[in-house]
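S.K.: Just to be clear, the model below is a prediction. Sequence and coordinates:
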Amino acid sequence: MKSSPANPKPGSGPIALLIGTRKGAFILRGDRSRRAWRLSSPMFLGHIVHHLMLDPRDRRTMLMASSTGHLGPTIFRSTDAGKTWKESVAPPAFVKVPESEKGRAVNHTFWLTPCHPNEPNVWYAGTSPQGLFRSDDGGNTWRPFSYINDDPQYREWMGTVQDGTPDGPKLHSIIVDPRDPQHLYFAMSGGGVHESFDRGATFTPLVKGLDVVEGFNPTTVTFHDPHCVRICPSNPDRLYQQNHCGIYRLDRPSNEWVRIGKNMPKKIGDIGFPMVVHPRDADTAWVFPMDGQTVWPRVSPEGKPAAYVTRNAGKTWARQDKGLPQANAWWTVKRQAMSGDAHNPIGLYLGTTSGEIWASRNEGATWTCIARHLPEIYSIETASLR
Amino acid sequence: MMRVHIPTALRSYTGQNGEVDVDGATLADALTALDHRYPGIRFRIITEQDKIRPHIRIFVNEEPLHDLTAPLHQTGTLYIICALSGG
């Protein structure tokens, strides 16, 4: 049974940005005004860090999804906000199959989601190859979650490395309804969006209304390529999605996504990776468009980076590029590399694959570079530390 | 008892020791013993399907071992090699 969401209140304390890069993790600490920023030394330098996430339930526990180019994947845990780290005793791993069968091995954990406040110490993780995992002890031990990792239908929808993202298809955007921990969503970079009302006992595809690449049948789940799905904290019946084929909104109980990206300027299009929602206004969301023409350069269109904001649930979009480079900036911003804080006005943060972090203290109206010369940025999460 | 050469990438598990001694009649046994002493190290080398991970090679006396059933003779050194791939 769903209760009403807690009315999200604006934050006011210092913000920390938790940064995952191809060569390690960093914490960029800001002051209360979000004007002065101090970069930590690299943590796990040389490790590939796809995601670094704070547990908002205690504001001290952090999990880091890590691997290297040669060693197997693992999860590092900190219980003192990143000062010290220990490795998980049992990182996410698929079930061992008999020698005669071809089993899967986790290449890297891609996504980390802390669960509901009523389920302390519970986390979910999404991996590549696509798999869903759960920890009930704060990330120390993990086990396959739900039936989907070994279900023939889901395995068909997941496809193989042949179908997906260059460094492997990824299970991502694991969402726990803030009103009900039994109500879950996840997305697969190859294989659509899925929903459960019974804490993973059953999942159902949620792809109606989503477009697929030209000529293919949109009812075939495996053809769907969601890039980032977000739920609105102030109205959990609304979700936004940046997809390989456009920007969408879903208002429950409807099961049909609406392509609100058609209202974007034609010369910009509605291709991109991240999706950011306002914590207190479900009509407001941001995207960071990428060039999806010809061979899909996936850089800022015409070399002119800009965020686009909607204040009316996708009816119209406004360009936000004040302070950003006005030309010759061929940025790529990955699906986990843009996020917002909970201040009023909210702060927005994005990281580029060229190692720069840009921030806006006024909901995208103006932007400032707050860090540069970092390794390739994979993810940025905002954190309100104790 | 067999000597195992630990690559730098895995010495965070062994207290920075570059060489450790373990018992084991097979590669599987040796790695189990290694993991018993240094928990977590095996999973960085071997997948959950008991396969040697891509970009990891294991040698005994310069002879490559390709699977966990490989028998070990109790002389020589077992080398775990990480192939750094790309920049």
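M.R.: Yes, it's here. Model, not experiment: these values are computed from the prediction.
S.K.: hey, let's count contacts and neighbours off CA atoms from now on
M.R.: Noted.
S.K.: For chain B, what lies in contact range of chain A?
M.R.: B:39-40, B:43-49, B:53-56, B:82-85 (CA under 8 Å from any CA of the partner chain).
S.K.: and if we set it to 10 Å?
M.R.: By CA under 10 Å from any CA of the partner chain, the residues of chain B that approach chain A are B:9-10, B:39-57, B:81-87.
S.K.: Run the chain-centre distance for stretch A:134-151.
M.R.: Here stretch A:134-151 is found 19 Å from its chain centre; the criterion is CA atoms, centre = their mean, to the nearest Å.
S.K.: Can you say which helix or strand has A:A125 in it?
M.R.: Here A:A125, judged by DSSP states H and E, is contained in strand A:123-128.
S.K.: Name the next helix or strand following that strand along the chain.
M.R.: strand A:131-135.
S.K.: wait, does that following strand contact chain B?
M.R.: No: using CA under 10 Å from any CA, strand A:131-135 stays clear of chain B, coming no nearer than 13.6 Å.
S.K.: any idea of the mean pLDDT in the next helix or strand after that strand?
M.R.: Remark: after strand A:131-135, the chain's next helix or strand is strand A:143-144, criterion DSSP H and E. The pLDDT scores in strand A:143-144 average 98.
S.K.: Tell me what angle the strand holding A:A125 forms with strand A:131-135.
M.R.: Counting by axes from the mean of the first three to the mean of the last three CA atoms, to 10 degrees, strand A:123-128 lies at 150 degrees to strand A:131-135.
S.K.: quick one: strands adjacent to strand A:123-128?
M.R.: If you go by DSSP bridges, strand A:123-128 pairs up with strand A:108-114 (antiparallel), strand A:131-135 (antiparallel).
S.K.: Can I get the first one as PDB, trimmed to CA atoms?
M.R.: In this case it means strand A:108-114. The C-alpha coordinates for strand A:108-114 follow below in PDB (Å, rounded to 0.1, in the frame of the first residue of the first chain):
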ATOM      1  CA  HIS A 108      31.400  -4.600 -13.600                       C
ATOM      2  CA  THR A 109      28.800  -3.200 -11.300                       C
ATOM      3  CA  PHE A 110      27.300  -0.100 -13.000                       C
ATOM      4  CA  TRP A 111      24.600   1.200 -10.800                       C
ATOM      5  CA  LEU A 112      23.900   1.400  -7.100                       C
ATOM      6  CA  THR A 113      20.600   2.300  -5.500                       C
ATOM      7  CA  PRO A 114      20.000   2.600  -1.700                       C
END
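S.K.: now it: mean pLDDT?
M.R.: So the average pLDDT for strand A:108-114 ends up being 98.
S.K.: one step back: can you tell me which of the residues of chain B next to chain A are buried?
M.R.: Burial by neighbour count, 16 or more other CA atoms under 10 Å in any protein chain shown: within the residues of chain B next to chain A this picks out B:10, B:39-50, B:52-54, B:56-57, B:81-82.
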